[in-house]
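J.: Here's my sequence, what's the structure:
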Amino acid sequence: SAAKLDKFMEEAQYKYEQGMERLVYMPGISIGEFMDIDLIKGALRLQVFSSFSKHVRKYFSNPKLIALIEFPVLFLGAMPQDTPALYSLMNYAGLKLGTWYPQGGFGSVITAMVKVAEKQGVSLHYDAPVQVILTSGK
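T.: Reported below is the predicted structural model:
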């Protein structure tokens, strides 16, 4: 199982690196964003069209190992058979890079976002229903 886990993690690392170096910066506005020759070549290796469940079973047959490897994708709100194999990147992030938390807890992220928004001139209204969203330009 150790050799299979190493191979699984090697593929997961590739997916993580591609995701964090390239995909995360694409706003997802149009399909044209993905018309990049390197991305198209790597699409098969990223495994966006095969299920996570099927991918895991290429490496493991023990039900306990399968359950351990499939567990992280449950946080996406879908079952492994309905989740693209691309998300094995979560296994790499969790097992190899570890879990990181913001200093001061997750509330500090919100506090920082409020600070940046207010610095940019945004008016925030709390405990009020949204009636309209006004934008200018794009």
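
J.: Name the surrounding residues that touch the top helix by length along the chain.
T.: In the chain, taking DSSP state H as the definition, the longest helix is helix 2-21. Contact with helix 2-21 is made by 42, 45-47, 56, 59-60, 69, 86, 88-93, 95-96, as judged by Cβ atoms under 8 Å, 6 or more residues apart in numbering. Bear in mind the C-beta positions are built from the backbone N, C-alpha and C, glycine included.

J.: Which secondary structure element of the chain has the lowest mean pLDDT?
T.: helix 37-46 (a mean of 73; mean pLDDT, DSSP states H and E).

J.: rewinding a little: now, of the contacts of helix 2-21, which are buried?
T.: 46-47, 56, 59-60, 69, 86, 88-93, 95 (16 or more other Cβ atoms under 10 Å).

J.: For those, give me a markdown table that also has distance to residue 123 and secondary structure.
T.: Shown next, in a markdown table, are these (distance: Cβ to Cβ, whole Å; DSSP: H, G, I helix; E, B strand; the rest coil):
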| residue | distance to residue 123 | secondary structure |
| --- | --- | --- |
| 46 | 41 | helix |
| 47 | 44 | coil |
| 56 | 48 | helix |
| 59 | 52 | coil |
| 60 | 52 | coil |
| 69 | 46 | helix |
| 86 | 39 | helix |
| 88 | 42 | helix |
| 89 | 38 | helix |
| 90 | 37 | helix |
| 91 | 42 | helix |
| 92 | 41 | helix |
| 93 | 36 | helix |
| 95 | 43 | helix |
